[in-house]
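> Fold the following.
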Amino acid sequence: MSESPQRHAVFGHPVGHSLSPSIHRRFSQQTGIALSYEAIDAPPETFAAQLDAFRAGGGGGANVTLPLKTLAFERCAQVSDYAARTGAVNTLEPLSGGGWRGHNTDGPGLIADLAERHGQDLRERDLLLLGAGGAARGVAYALLDAGVRSLTIANRHAERADALADRIGQPGRVHVRYWNDLADAGSWDFIINATSAGVQGGAIDLPFSIVAPRALCYDLSYGRAATAFLAWARAARAAHAFDGLGMLVEQAAEAFAIWHGRRPDGEPVYAELRAQLDGA
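Next comes the predicted model:
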């Protein structure tokens, strides 16, 4: 390995639970690319200053998680085409002349996990997306590109759902439903939880009636943060219920490729972490 490991980090609030440092250490071992990777707790009001300090201290590429993805977008001098569509950034690539180029690897990571690891065909599904923040933005466009038939957005603050639907701009395909009216709104065969409720220890107060037969349910969180939603999905007799561990690993592999020009194999890392989480 190189004698000068590159310094990386994930910024979030809270971030102590993050598995990203563990994932990137495994990628380092797998590829022989030396790096260090730390978790930095950054409240929104100090994120910009902490990011500047990280860069000034020799920091290289960085990841961004809740609740900083839209703030990270605003800090970028350049953004990828996909990040520009979403308005949210989860991967920061340092530019040689200073500043950052922003990417969003959440969408590709989710599709890789669902389609390749779990063998799910997303085409012609009717999707209910719970949440309208940076996490929801990061995956909505990729899911539409993957061929879902319709996308319905529900958020506790209706104006945020309306804003995301307006941003996407496909009124014949993208709809909004009020959170409190979901019990009377029908059912969906694909439901994604993109809220931060699990991370914050919140309860899941969703009606079982929204789960159609043979439904696929997916929480973008993983581990304990996904427990409540997955328990609800299984109680509602969803055919499949997955957490976001695989998405986390695959989006990290995409970020690693952006920084180092080589995409690691996520499968052995996922298998190891899955066994650890399931055994905890």
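
> Give the residue spans of the stretch 101-250 of the chain that score low on pLDDT.
Applying pLDDT under 70 to the stretch 101-250 of the chain picks out residues 200-201.

> ok, which stretches of it are strands?
For the stretch 101-250 of the chain, applying DSSP state E, counting those that start in this stretch gives strands covering 126-130, 150-155, 174-178, 188-193, 211-219, 240-242.

> Direction included, what does the fourth one pair up with?
Strand 188-193 has its sheet partners listed here by DSSP bridges as strand 126-130 (parallel), strand 211-219 (parallel).

> next one: the last one
Its sheet considered, strand 240-242 pairs with strand 211-219 (parallel) by DSSP bridges.

> then the strand it pairs with to PDB, C-alphas only?
Below are the C-alpha coordinates for strand 211-219, written out as PDB (Å, rounded to 0.1, in the frame of the first residue of the first chain):
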ATOM      1  CA  VAL A 211     -49.600  -2.500   1.200                       C
ATOM      2  CA  ALA A 212     -50.800  -4.300  -1.900                       C
ATOM      3  CA  PRO A 213     -50.400  -8.000  -2.400                       C
ATOM      4  CA  ARG A 214     -46.900  -9.100  -3.300                       C
ATOM      5  CA  ALA A 215     -45.600  -5.700  -2.200                       C
ATOM      6  CA  LEU A 216     -41.900  -4.900  -2.000                       C
ATOM      7  CA  CYS A 217     -41.000  -2.700   1.000                       C
ATOM      8  CA  TYR A 218     -37.600  -1.100   1.500                       C
ATOM      9  CA  ASP A 219     -36.100   1.200   4.200                       C
END
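
> Can I get the strands of the stretch 101-250 of the chain in TSV including distance to residue 29 and mean neighbour count?
Where C-beta positions appear, they are placed from N, C-alpha and C, glycine not excepted. Supplementary listing: these in TSV, determined by distance: least, Cβ to Cβ, whole Å; neighbours: other Cβ atoms under 10 Å:
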stretch	distance to residue 29	mean neighbour count
strand 126-130	36	24
strand 150-155	39	23
strand 174-178	42	18
strand 188-193	32	26
strand 211-219	28	21
strand 240-242	26	19
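
> Throw the ones you listed into a markdown table and include distance to residue 36, thanks.
Shown next, in a markdown table, are those (distance: least, Cβ to Cβ, whole Å):
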| stretch | distance to residue 36 |
| --- | --- |
| strand 126-130 | 35 |
| strand 150-155 | 37 |
| strand 174-178 | 41 |
| strand 188-193 | 32 |
| strand 211-219 | 30 |
| strand 240-242 | 31 |
